[in-house]
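Student: Return a 3D structure for these sequence lines:
(chains A and B)
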Amino acid sequence: MKSIKWLGLILFSAFSLCTEAKSVHVAVAANFSNSMKSLVTEFEKTSDYQIVLSFGSSGKFYAQIKQGAPYELFFSADQAKPDALQKDGLVVANSRFTYATGRLAVWSARPDFSNKIETKLKKGAFNKLALANPKLAPYGAATLEVLRYLSLLESTQSKWVRGENVAQTYQFVSSGNADLGFIALSQLLGTKKVKPDSYWLVPDYMHNAIKQDVVLLRSAEKSQGAKAFLDFIHSNKAQKIIAEYGYLVTLSSHAGQGL
Amino acid sequence: MSLTDGDIATIWLTLRLATTVTILLLLLATPLAWWLAKTHSWFKGPLSAIVALPLVLPPTVLGFYLLLAMGPNGAIGQFTQALGLGTLPFTFWGLVVASMVYSMPFVVQPIQNAIEAIGNRPLEAAATLGAGPIDRFFTVVLPLAKPGFMTATILGFAHTVGEFGIVLMIGGSIPGETRVVSVQIYDHVEALEYAQAHALSGVMIVFSFVVLLLLYTFQRKNKAVGMTYGR
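Tutor: Here you go, the predicted model:
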(Lines give C-alpha, C1' and ligand atoms only; values in the text may rest on other atoms or scores of the structure.)
Protein backbone atom coordinates (compact mmCIF):
# COMPACT_ATOMS: atom_id res chain seq x y z
CA MET A 1 0.00 0.00 0.00
CA LYS A 2 2.75 2.34 0.94
CA SER A 3 4.38 1.99 -2.45
CA ILE A 4 1.08 2.75 -4.18
CA LYS A 5 0.82 5.99 -2.19
CA TRP A 6 4.32 6.92 -3.25
CA LEU A 7 3.55 6.11 -6.85
CA GLY A 8 0.46 8.28 -6.64
CA LEU A 9 2.46 11.11 -5.20
CA ILE A 10 5.08 10.85 -7.92
CA LEU A 11 2.47 10.76 -10.66
CA PHE A 12 0.64 13.68 -9.11
CA SER A 13 3.75 15.80 -8.90
CA ALA A 14 4.69 14.81 -12.45
CA PHE A 15 1.30 15.96 -13.69
CA SER A 16 1.41 19.20 -11.76
CA LEU A 17 4.89 19.89 -13.13
CA CYS A 18 3.57 19.42 -16.64
CA THR A 19 0.77 21.88 -16.15
CA GLU A 20 2.90 24.45 -14.35
CA ALA A 21 5.69 24.76 -16.89
CA LYS A 22 4.51 26.59 -19.98
CA SER A 23 5.64 24.09 -22.54
CA VAL A 24 5.57 24.31 -26.32
CA HIS A 25 5.48 21.09 -28.33
CA VAL A 26 7.59 21.25 -31.46
CA ALA A 27 8.00 18.65 -34.24
CA VAL A 28 11.40 18.86 -35.95
CA ALA A 29 12.78 17.18 -39.07
CA ALA A 30 15.65 14.84 -38.26
CA ASN A 31 18.30 16.79 -40.21
CA PHE A 32 17.69 19.90 -38.09
CA SER A 33 17.99 18.17 -34.70
CA ASN A 34 21.51 19.34 -33.80
CA SER A 35 20.79 22.95 -34.64
CA MET A 36 17.42 22.84 -32.91
CA LYS A 37 18.94 21.66 -29.63
CA SER A 38 21.32 24.63 -29.65
CA LEU A 39 18.49 26.99 -30.55
CA VAL A 40 16.35 25.74 -27.69
CA THR A 41 19.19 26.06 -25.19
CA GLU A 42 19.67 29.65 -26.27
CA PHE A 43 15.93 30.42 -26.24
CA GLU A 44 15.30 28.97 -22.79
CA LYS A 45 18.04 31.14 -21.29
CA THR A 46 15.81 34.17 -21.63
CA SER A 47 12.33 32.69 -21.75
CA ASP A 48 9.93 31.09 -19.27
CA TYR A 49 8.60 28.79 -21.95
CA GLN A 50 9.91 25.29 -22.16
CA ILE A 51 10.32 23.75 -25.61
CA VAL A 52 9.48 20.05 -25.86
CA LEU A 53 11.10 18.57 -28.98
CA SER A 54 10.08 15.58 -31.07
CA PHE A 55 12.46 14.51 -33.83
CA GLY A 56 11.41 12.43 -36.81
CA SER A 57 10.69 12.36 -40.49
CA SER A 58 8.50 15.02 -42.04
CA GLY A 59 6.26 12.43 -43.69
CA LYS A 60 5.42 10.86 -40.34
CA PHE A 61 4.80 14.23 -38.74
CA TYR A 62 2.47 15.16 -41.58
CA ALA A 63 0.40 12.01 -41.01
CA GLN A 64 0.35 12.58 -37.24
CA ILE A 65 -0.62 16.24 -37.48
CA LYS A 66 -3.48 15.34 -39.82
CA GLN A 67 -4.68 12.97 -37.12
CA GLY A 68 -4.57 15.64 -34.46
CA ALA A 69 -1.10 15.25 -32.93
CA PRO A 70 -0.60 17.94 -30.24
CA TYR A 71 2.31 19.77 -31.91
CA GLU A 72 2.24 23.55 -32.04
CA LEU A 73 5.08 24.14 -34.48
CA PHE A 74 6.30 21.94 -37.30
CA PHE A 75 9.82 22.40 -38.67
CA SER A 76 9.68 20.40 -41.90
CA ALA A 77 12.62 19.17 -43.96
CA ASP A 78 10.98 20.48 -47.11
CA GLN A 79 8.25 22.73 -48.45
CA ALA A 80 5.95 19.95 -49.68
CA LYS A 81 4.59 18.88 -46.30
CA PRO A 82 3.88 22.42 -45.02
CA ASP A 83 2.26 22.99 -48.42
CA ALA A 84 0.01 19.97 -48.00
CA LEU A 85 -0.91 20.94 -44.43
CA GLN A 86 -1.78 24.42 -45.65
CA LYS A 87 -4.10 22.93 -48.27
CA ASP A 88 -5.68 20.82 -45.54
CA GLY A 89 -6.40 24.01 -43.63
CA LEU A 90 -4.29 23.01 -40.64
CA VAL A 91 -1.90 25.96 -40.72
CA VAL A 92 -2.25 29.47 -39.30
CA ALA A 93 -2.33 31.94 -42.21
CA ASN A 94 0.91 33.92 -42.73
CA SER A 95 2.81 31.80 -40.22
CA ARG A 96 4.85 29.89 -42.77
CA PHE A 97 8.41 30.80 -43.70
CA THR A 98 11.71 29.22 -44.77
CA TYR A 99 13.82 28.91 -41.64
CA ALA A 100 16.84 27.28 -43.28
CA THR A 101 18.21 26.16 -46.63
CA GLY A 102 20.15 22.91 -46.47
CA ARG A 103 23.57 22.18 -47.93
CA LEU A 104 24.63 18.78 -49.25
CA ALA A 105 27.99 17.21 -48.49
CA VAL A 106 29.62 14.01 -49.66
CA TRP A 107 31.29 12.39 -46.70
CA SER A 108 33.55 9.41 -46.05
CA ALA A 109 34.58 7.87 -42.74
CA ARG A 110 37.63 6.24 -44.37
CA PRO A 111 40.90 7.98 -43.45
CA ASP A 112 42.45 7.07 -46.84
CA PHE A 113 39.66 8.96 -48.62
CA SER A 114 40.52 12.32 -47.05
CA ASN A 115 41.03 15.13 -49.54
CA LYS A 116 40.02 12.76 -52.36
CA ILE A 117 36.25 12.63 -51.89
CA GLU A 118 35.38 14.45 -55.10
CA THR A 119 37.84 12.40 -57.19
CA LYS A 120 36.71 9.11 -55.69
CA LEU A 121 33.09 9.99 -56.42
CA LYS A 122 33.73 11.01 -60.01
CA LYS A 123 35.93 7.99 -60.73
CA GLY A 124 33.45 5.60 -59.15
CA ALA A 125 36.22 4.34 -56.87
CA PHE A 126 34.07 3.28 -53.92
CA ASN A 127 32.11 0.21 -52.78
CA LYS A 128 28.73 1.76 -51.95
CA LEU A 129 27.20 5.20 -52.25
CA ALA A 130 24.76 6.00 -49.45
CA LEU A 131 22.00 8.49 -50.15
CA ALA A 132 18.74 9.46 -48.52
CA ASN A 133 15.74 7.90 -50.26
CA PRO A 134 14.96 10.43 -53.05
CA LYS A 135 11.27 9.63 -52.81
CA LEU A 136 11.06 10.59 -49.16
CA ALA A 137 13.86 12.97 -48.27
CA PRO A 138 14.57 16.35 -49.88
CA TYR A 139 18.29 15.73 -49.44
CA GLY A 140 17.84 12.52 -51.44
CA ALA A 141 16.04 14.35 -54.24
CA ALA A 142 18.84 16.93 -54.33
CA THR A 143 21.39 14.10 -54.44
CA LEU A 144 19.82 12.80 -57.65
CA GLU A 145 20.05 16.28 -59.17
CA VAL A 146 23.74 16.46 -58.31
CA LEU A 147 24.44 13.00 -59.76
CA ARG A 148 22.57 13.99 -62.91
CA TYR A 149 24.56 17.24 -63.11
CA LEU A 150 27.80 15.27 -62.83
CA SER A 151 26.56 12.63 -65.33
CA LEU A 152 27.01 9.96 -62.67
CA LEU A 153 23.37 8.90 -62.41
CA GLU A 154 23.60 5.68 -64.45
CA SER A 155 27.14 4.67 -63.58
CA THR A 156 26.63 4.82 -59.81
CA GLN A 157 23.11 3.40 -59.59
CA SER A 158 24.17 -0.18 -58.89
CA LYS A 159 26.10 1.03 -55.85
CA TRP A 160 23.30 2.99 -54.20
CA VAL A 161 22.10 2.15 -50.72
CA ARG A 162 19.18 4.23 -49.53
CA GLY A 163 18.65 5.46 -46.02
CA GLU A 164 15.14 6.42 -45.02
CA ASN A 165 16.46 9.86 -44.12
CA VAL A 166 19.79 11.65 -43.81
CA ALA A 167 20.23 10.41 -40.25
CA GLN A 168 20.25 6.81 -41.43
CA THR A 169 22.42 7.67 -44.42
CA TYR A 170 24.94 9.16 -42.00
CA GLN A 171 24.87 5.87 -40.06
CA PHE A 172 25.66 3.83 -43.18
CA VAL A 173 28.79 5.92 -43.74
CA SER A 174 29.90 6.29 -40.11
CA SER A 175 29.69 2.52 -39.54
CA GLY A 176 32.03 2.05 -42.52
CA ASN A 177 29.48 0.09 -44.55
CA ALA A 178 29.39 2.65 -47.35
CA ASP A 179 32.58 4.38 -48.52
CA LEU A 180 30.74 7.54 -49.56
CA GLY A 181 27.45 9.15 -48.69
CA PHE A 182 25.45 12.26 -49.54
CA ILE A 183 24.34 13.79 -46.26
CA ALA A 184 23.44 17.16 -44.80
CA LEU A 185 26.34 19.47 -44.01
CA SER A 186 24.56 20.22 -40.71
CA GLN A 187 25.12 16.65 -39.57
CA LEU A 188 28.88 17.02 -39.97
CA LEU A 189 29.16 20.44 -38.38
CA GLY A 190 27.03 19.20 -35.47
CA THR A 191 29.67 16.65 -34.50
CA LYS A 192 33.04 18.07 -33.62
CA LYS A 193 34.99 14.96 -34.59
CA VAL A 194 34.60 15.41 -38.34
CA LYS A 195 37.63 16.81 -40.18
CA PRO A 196 37.10 19.27 -43.04
CA ASP A 197 39.08 17.07 -45.45
CA SER A 198 36.73 14.13 -44.90
CA TYR A 199 33.93 15.70 -46.90
CA TRP A 200 33.26 17.54 -50.13
CA LEU A 201 30.79 20.42 -49.90
CA VAL A 202 28.60 20.12 -52.98
CA PRO A 203 28.38 23.47 -54.81
CA ASP A 204 24.81 24.69 -54.46
CA TYR A 205 24.38 25.42 -58.20
CA MET A 206 24.32 21.66 -58.82
CA HIS A 207 20.89 21.19 -57.26
CA ASN A 208 17.69 23.04 -56.42
CA ALA A 209 17.78 24.79 -53.07
CA ILE A 210 16.71 22.53 -50.20
CA LYS A 211 14.31 24.96 -48.56
CA GLN A 212 12.95 23.93 -45.18
CA ASP A 213 9.75 25.57 -43.97
CA VAL A 214 8.19 25.97 -40.55
CA VAL A 215 4.47 26.41 -39.84
CA LEU A 216 2.39 27.36 -36.82
CA LEU A 217 -0.39 24.79 -36.59
CA ARG A 218 -3.96 25.95 -36.33
CA SER A 219 -4.60 24.07 -33.10
CA ALA A 220 -1.93 26.32 -31.54
CA GLU A 221 -3.24 29.57 -32.98
CA LYS A 222 -3.46 31.18 -29.55
CA SER A 223 -0.22 29.74 -28.16
CA GLN A 224 1.93 32.63 -26.92
CA GLY A 225 4.86 30.27 -26.36
CA ALA A 226 4.87 29.06 -29.95
CA LYS A 227 4.76 32.65 -31.21
CA ALA A 228 7.59 33.65 -28.88
CA PHE A 229 9.70 30.82 -30.23
CA LEU A 230 8.94 31.75 -33.84
CA ASP A 231 9.96 35.34 -33.08
CA PHE A 232 13.18 34.00 -31.64
CA ILE A 233 13.86 31.99 -34.85
CA HIS A 234 13.58 35.30 -36.74
CA SER A 235 16.17 36.94 -34.49
CA ASN A 236 19.76 37.56 -35.56
CA LYS A 237 21.03 35.41 -32.74
CA ALA A 238 19.03 32.40 -33.93
CA GLN A 239 19.97 33.00 -37.56
CA LYS A 240 23.62 33.00 -36.58
CA ILE A 241 23.27 29.63 -34.84
CA ILE A 242 21.47 28.13 -37.84
CA ALA A 243 24.24 29.37 -40.15
CA GLU A 244 26.91 27.89 -37.87
CA TYR A 245 25.37 24.49 -38.40
CA GLY A 246 25.90 24.72 -42.13
CA TYR A 247 22.59 26.08 -43.41
CA LEU A 248 22.11 29.06 -45.66
CA VAL A 249 19.89 31.62 -43.99
CA THR A 250 17.94 33.92 -46.22
CA LEU A 251 15.20 34.63 -43.74
CA SER A 252 15.00 38.41 -43.95
CA SER A 253 14.08 38.34 -47.62
CA HIS A 254 11.80 35.31 -47.33
CA ALA A 255 9.93 36.13 -44.14
CA GLY A 256 6.21 35.66 -44.53
CA GLN A 257 6.65 34.72 -48.15
CA GLY A 258 4.78 31.45 -47.74
CA LEU A 259 1.39 33.03 -48.30
CA MET B 1 -6.61 -2.84 -55.05
CA SER B 2 -3.87 -1.39 -57.17
CA LEU B 3 -0.51 -2.97 -56.54
CA THR B 4 2.34 -1.69 -58.69
CA ASP B 5 5.05 -3.91 -60.14
CA GLY B 6 7.34 -2.55 -57.44
CA ASP B 7 4.88 -3.62 -54.76
CA ILE B 8 4.59 -7.13 -56.19
CA ALA B 9 8.38 -7.44 -56.39
CA THR B 10 8.58 -6.66 -52.66
CA ILE B 11 6.00 -9.37 -51.92
CA TRP B 12 8.04 -12.00 -53.79
CA LEU B 13 11.24 -10.90 -52.11
CA THR B 14 9.58 -11.09 -48.69
CA LEU B 15 8.31 -14.62 -49.35
CA ARG B 16 11.75 -15.70 -50.58
CA LEU B 17 13.39 -14.23 -47.49
CA ALA B 18 10.90 -15.80 -45.07
CA THR B 19 11.18 -19.23 -46.73
CA THR B 20 14.99 -19.19 -46.69
CA VAL B 21 15.10 -18.05 -43.07
CA THR B 22 12.54 -20.62 -41.93
CA ILE B 23 14.36 -23.55 -43.54
CA LEU B 24 17.76 -22.53 -42.21
CA LEU B 25 16.32 -21.81 -38.76
CA LEU B 26 14.66 -25.23 -38.52
CA LEU B 27 18.01 -26.86 -39.34
CA LEU B 28 19.83 -24.77 -36.75
CA ALA B 29 17.17 -24.60 -34.07
CA THR B 30 16.39 -28.32 -33.87
CA PRO B 31 19.75 -29.43 -32.42
CA LEU B 32 19.80 -26.31 -30.24
CA ALA B 33 16.30 -26.98 -28.91
CA TRP B 34 17.22 -30.61 -28.35
CA TRP B 35 20.26 -29.66 -26.32
CA LEU B 36 18.30 -27.09 -24.29
CA ALA B 37 15.56 -29.64 -23.58
CA LYS B 38 17.94 -32.36 -22.45
CA THR B 39 20.88 -30.64 -20.78
CA HIS B 40 21.52 -30.07 -17.09
CA SER B 41 24.51 -27.85 -17.84
CA TRP B 42 24.95 -24.53 -16.06
CA PHE B 43 25.09 -22.98 -19.52
CA LYS B 44 21.41 -23.72 -20.22
CA GLY B 45 20.28 -20.55 -18.43
CA PRO B 46 22.63 -18.12 -20.22
CA LEU B 47 22.03 -19.74 -23.63
CA SER B 48 18.24 -19.66 -23.18
CA ALA B 49 18.51 -16.00 -22.26
CA ILE B 50 20.58 -15.23 -25.38
CA VAL B 51 18.10 -17.06 -27.61
CA ALA B 52 15.21 -15.12 -26.05
CA LEU B 53 16.91 -11.69 -26.25
CA PRO B 54 15.24 -10.67 -29.55
CA LEU B 55 11.86 -11.00 -27.79
CA VAL B 56 12.81 -8.14 -25.51
CA LEU B 57 15.23 -5.94 -27.47
CA PRO B 58 13.81 -3.33 -29.82
CA PRO B 59 14.58 -4.35 -33.42
CA THR B 60 16.37 -1.03 -33.93
CA VAL B 61 18.88 -1.99 -31.22
CA LEU B 62 19.50 -5.35 -32.86
CA GLY B 63 19.68 -3.70 -36.28
CA PHE B 64 22.14 -1.06 -35.16
CA TYR B 65 24.49 -3.59 -33.57
CA LEU B 66 24.21 -5.91 -36.56
CA LEU B 67 25.08 -2.97 -38.84
CA LEU B 68 28.21 -2.32 -36.79
CA ALA B 69 29.12 -6.01 -36.34
CA MET B 70 28.60 -6.93 -40.00
CA GLY B 71 30.34 -3.78 -41.26
CA PRO B 72 33.96 -3.79 -42.50
CA ASN B 73 35.27 -3.00 -39.00
CA GLY B 74 33.00 -5.36 -37.08
CA ALA B 75 33.74 -8.91 -35.95
CA ILE B 76 31.30 -10.57 -38.34
CA GLY B 77 32.39 -8.26 -41.16
CA GLN B 78 36.06 -9.16 -40.64
CA PHE B 79 35.12 -12.83 -40.71
CA THR B 80 33.04 -12.66 -43.91
CA GLN B 81 35.75 -10.58 -45.59
CA ALA B 82 38.40 -13.13 -44.62
CA LEU B 83 36.23 -15.77 -46.30
CA GLY B 84 36.14 -13.59 -49.41
CA LEU B 85 32.40 -12.96 -49.13
CA GLY B 86 32.59 -9.20 -48.66
CA THR B 87 30.33 -7.61 -46.07
CA LEU B 88 26.72 -8.51 -45.37
CA PRO B 89 24.78 -5.24 -44.94
CA PHE B 90 22.69 -4.20 -47.96
CA THR B 91 22.55 -7.79 -49.25
CA PHE B 92 19.85 -10.47 -49.29
CA TRP B 93 22.05 -12.80 -47.26
CA GLY B 94 22.66 -10.06 -44.73
CA LEU B 95 18.89 -9.90 -44.21
CA VAL B 96 18.79 -13.69 -43.92
CA VAL B 97 21.40 -13.69 -41.15
CA ALA B 98 19.72 -10.81 -39.30
CA SER B 99 16.27 -12.39 -39.60
CA MET B 100 17.60 -15.66 -38.23
CA VAL B 101 18.79 -13.87 -35.11
CA TYR B 102 15.51 -12.01 -34.83
CA SER B 103 13.19 -15.00 -35.34
CA MET B 104 15.30 -17.52 -33.40
CA PRO B 105 13.20 -17.63 -30.19
CA PHE B 106 10.00 -18.18 -32.16
CA VAL B 107 11.45 -21.35 -33.65
CA VAL B 108 13.59 -22.68 -30.79
CA GLN B 109 11.04 -22.37 -28.00
CA PRO B 110 8.12 -24.36 -29.51
CA ILE B 111 10.47 -27.18 -30.54
CA GLN B 112 12.12 -27.18 -27.12
CA ASN B 113 8.72 -27.31 -25.39
CA ALA B 114 7.63 -30.18 -27.60
CA ILE B 115 10.76 -32.20 -26.93
CA GLU B 116 10.49 -31.56 -23.19
CA ALA B 117 6.85 -32.70 -23.27
CA ILE B 118 7.83 -36.05 -24.76
CA GLY B 119 10.07 -36.83 -21.82
CA ASN B 120 12.65 -39.61 -21.67
CA ARG B 121 10.39 -42.65 -21.47
CA PRO B 122 9.48 -43.12 -25.13
CA LEU B 123 13.14 -42.68 -26.04
CA GLU B 124 14.29 -45.21 -23.45
CA ALA B 125 11.66 -47.64 -24.66
CA ALA B 126 12.85 -47.21 -28.23
CA ALA B 127 16.44 -47.68 -27.13
CA THR B 128 15.64 -50.99 -25.40
CA LEU B 129 14.02 -52.10 -28.63
CA GLY B 130 17.36 -51.50 -30.30
CA ALA B 131 16.82 -48.13 -32.02
CA GLY B 132 19.96 -46.00 -32.45
CA PRO B 133 20.03 -42.24 -31.74
CA ILE B 134 19.29 -41.21 -35.34
CA ASP B 135 16.56 -43.81 -35.68
CA ARG B 136 15.04 -42.60 -32.38
CA PHE B 137 15.01 -39.01 -33.59
CA PHE B 138 13.20 -39.75 -36.82
CA THR B 139 10.79 -42.44 -35.59
CA VAL B 140 10.02 -41.18 -32.07
CA VAL B 141 10.91 -37.51 -31.54
CA LEU B 142 9.85 -36.12 -34.90
CA PRO B 143 6.34 -37.67 -34.99
CA LEU B 144 5.63 -36.87 -31.34
CA ALA B 145 6.98 -33.31 -31.55
CA LYS B 146 5.36 -32.59 -34.90
CA PRO B 147 2.94 -29.97 -33.52
CA GLY B 148 5.91 -28.13 -32.03
CA PHE B 149 7.70 -28.15 -35.37
CA MET B 150 4.58 -26.92 -37.15
CA THR B 151 4.17 -24.06 -34.68
CA ALA B 152 7.86 -23.20 -35.03
CA THR B 153 7.63 -23.16 -38.83
CA ILE B 154 4.54 -20.96 -38.94
CA LEU B 155 5.75 -18.52 -36.29
CA GLY B 156 9.26 -18.30 -37.76
CA PHE B 157 7.89 -17.61 -41.21
CA ALA B 158 5.27 -15.10 -40.08
CA HIS B 159 7.65 -13.28 -37.80
CA THR B 160 10.19 -12.84 -40.60
CA VAL B 161 7.49 -11.47 -42.91
CA GLY B 162 6.53 -8.93 -40.23
CA GLU B 163 10.10 -7.78 -39.61
CA PHE B 164 10.77 -4.08 -40.13
CA GLY B 165 13.16 -2.37 -37.76
CA ILE B 166 16.19 -4.51 -38.52
CA VAL B 167 15.65 -4.43 -42.29
CA LEU B 168 15.40 -0.67 -42.15
CA MET B 169 18.73 -0.47 -40.33
CA ILE B 170 20.80 -2.84 -42.47
CA GLY B 171 18.84 -3.13 -45.74
CA GLY B 172 19.44 0.07 -47.67
CA SER B 173 16.13 -0.38 -49.56
CA ILE B 174 17.60 -1.96 -52.70
CA PRO B 175 14.85 -3.19 -55.08
CA GLY B 176 14.84 -6.97 -55.49
CA GLU B 177 17.56 -7.37 -52.89
CA THR B 178 16.53 -5.82 -49.57
CA ARG B 179 13.32 -3.85 -50.19
CA VAL B 180 10.71 -6.03 -48.46
CA VAL B 181 6.98 -5.40 -48.01
CA SER B 182 7.20 -3.71 -44.62
CA VAL B 183 9.81 -1.25 -45.89
CA GLN B 184 7.75 -0.56 -49.02
CA ILE B 185 4.67 0.25 -46.90
CA TYR B 186 6.78 2.58 -44.76
CA ASP B 187 8.09 4.30 -47.90
CA HIS B 188 4.56 4.76 -49.24
CA VAL B 189 3.38 6.30 -45.98
CA GLU B 190 6.40 8.59 -45.76
CA ALA B 191 5.87 9.73 -49.34
CA LEU B 192 2.20 10.46 -48.56
CA GLU B 193 1.13 7.74 -51.04
CA TYR B 194 -1.61 6.60 -48.71
CA ALA B 195 -3.69 4.71 -51.32
CA GLN B 196 -0.77 2.43 -52.19
CA ALA B 197 0.09 2.03 -48.51
CA HIS B 198 -3.50 0.93 -47.87
CA ALA B 199 -3.45 -1.64 -50.67
CA LEU B 200 -0.22 -3.26 -49.52
CA SER B 201 -1.19 -3.08 -45.85
CA GLY B 202 -4.47 -4.79 -46.70
CA VAL B 203 -2.56 -7.67 -48.24
CA MET B 204 -0.42 -7.91 -45.09
CA ILE B 205 -3.43 -7.95 -42.76
CA VAL B 206 -5.20 -10.68 -44.73
CA PHE B 207 -1.99 -12.71 -44.88
CA SER B 208 -1.31 -12.39 -41.16
CA PHE B 209 -4.87 -13.31 -40.27
CA VAL B 210 -4.82 -16.42 -42.43
CA VAL B 211 -1.48 -17.53 -40.98
CA LEU B 212 -2.64 -17.10 -37.39
CA LEU B 213 -5.96 -18.77 -38.16
CA LEU B 214 -4.04 -21.77 -39.50
CA LEU B 215 -1.89 -21.82 -36.40
CA TYR B 216 -4.77 -21.75 -33.93
CA THR B 217 -6.93 -24.19 -35.88
CA PHE B 218 -3.97 -26.51 -35.96
CA GLN B 219 -3.29 -26.11 -32.26
CA ARG B 220 -6.90 -26.91 -31.37
CA LYS B 221 -6.74 -30.16 -33.24
CA ASN B 222 -3.62 -31.09 -31.33
CA LYS B 223 -4.76 -30.01 -27.91
CA ALA B 224 -4.33 -33.52 -26.53
CA VAL B 225 -0.57 -33.24 -26.99
CA GLY B 226 -0.52 -30.07 -24.95
CA MET B 227 1.11 -28.02 -27.66
CA THR B 228 -0.11 -24.49 -27.41
CA TYR B 229 1.96 -21.47 -28.04
CA GLY B 230 1.11 -17.83 -28.02
CA ARG B 231 -2.05 -17.96 -25.94
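
Student: Next, count neighbours for B:Pro105.
Tutor: The number of residues packed near B:Pro105 is 22, by other Cβ atoms under 10 Å in any protein chain shown. (Glycine included, C-beta is placed from N, CA and C.)

Student: ditto for A:Glu244
Tutor: Each residue near A:Glu244 was counted by other Cβ under 10 Å, and the total is 13.

Student: likewise A:Ser108?
Tutor: Residues within reach of A:Ser108, counting by other Cβ under 10 Å, total 24.

Student: could you list every residue that touches it?
Tutor: A:Ser108 sits next to A:Ser114, A:Ile117, A:Lys120, A:Phe126, A:Val173, A:Asp179, A:Leu180, A:Gly181, A:Ser198, A:Tyr199 when contact means Cβ atoms under 8 Å, 6 or more residues apart in numbering or on different chains.

Student: Please identify the helix or strand for the nearest residue to the second one once chain neighbours are set aside.
Tutor: The reference is to A:Ile117. Using Cβ to Cβ, 6 or more residues apart in numbering or on different chains and skipping the chain neighbours, the partner closest in space to A:Ile117 is A:Trp200 (4.0 Å). With the criterion set as DSSP states H and E, the secondary-structure element containing A:Trp200 is strand A:199-201.

Student: What's opposite A:Val215 in the beta bridge?
Tutor: Assessed by DSSP bridges, A:Val215 has beta-bridge partners A:Phe74.

Student: Quick one: neighbours of it, just the number.
Tutor: Around A:Val215 there are 25 other residues, counting by other Cβ under 10 Å.

Student: residue contacts, it?
Tutor: Taking Cβ under 8 Å, 6+ apart as the definition, contacts of A:Val215 comprise A:Leu73, A:Phe74, A:Ser76, A:Pro82, A:Leu85, A:Gln86, A:Val91, A:Val92, A:Ser95, A:Arg96, A:Gly258.

Student: ok, residue 157 - contacts?
Tutor: Picking chain A for this. Not one residue lies near A:Gln157 by Cβ under 8 Å, 6+ apart.

Student: nope, chain B please
Tutor: When the contact criterion is Cβ under 8 Å, 6+ apart, the partners of B:Phe157 are B:Ala18, B:Thr19, B:Val21, B:Thr22, B:Val211.

Student: in terms of contact, does A:Ile242 touch A:Thr101 like I think?
Tutor: No: contact between A:Ile242 and A:Thr101 fails when scored by Cβ atoms under 8 Å: they sit 9.6 Å apart.

Student: Now list whatever residues contact both of those two.
Tutor: The overlap between the contact sets of A:Ile242 and A:Thr101 (Cβ under 8 Å, 6+ apart) consists of A:Val249.

Student: The residue nearest to A:Ile117: neighbour count?
Tutor: Using other Cβ under 10 Å, A:Trp200 has 21 neighbouring residues.

Student: quick one: pLDDT of it?
Tutor: At A:Trp200 the predicted local confidence, pLDDT, stands at 96.

Student: In a strand, A:Phe43, correct?
Tutor: No: judged by DSSP: H, G, I helix; E, B strand; the rest coil, A:Phe43 forms no part of a strand; its state is helix.

Student: Just among the contacts of A:Ser108, which is most surrounded?
Tutor: The residue in the contacts of A:Ser108 with the most neighbours, by other Cβ under 10 Å, is A:Gly181 (30 neighbours).

Student: Look at that residue and give its secondary structure.
Tutor: Under three-state DSSP, A:Gly181 falls in the strand class.

Student: near chain B, which residues of chain A show up?
Tutor: Among all residues of chain A, those adjacent to chain B (criterion: Cβ under 8 Å from any Cβ of the partner chain) are A:57, A:59-60, A:62-63, A:81, A:84, A:128, A:130, A:133, A:135-136, A:160-164, A:168, A:171-172, A:175-178.

Student: Among those residues, name the buried ones.
Tutor: Buried by 16 or more other Cβ atoms under 10 Å in any protein chain shown: A:57, A:59-60, A:62-63, A:81, A:84, A:128, A:130, A:133, A:136, A:160-164, A:168, A:171-172, A:175-178, out of the residues of chain A next to chain B.
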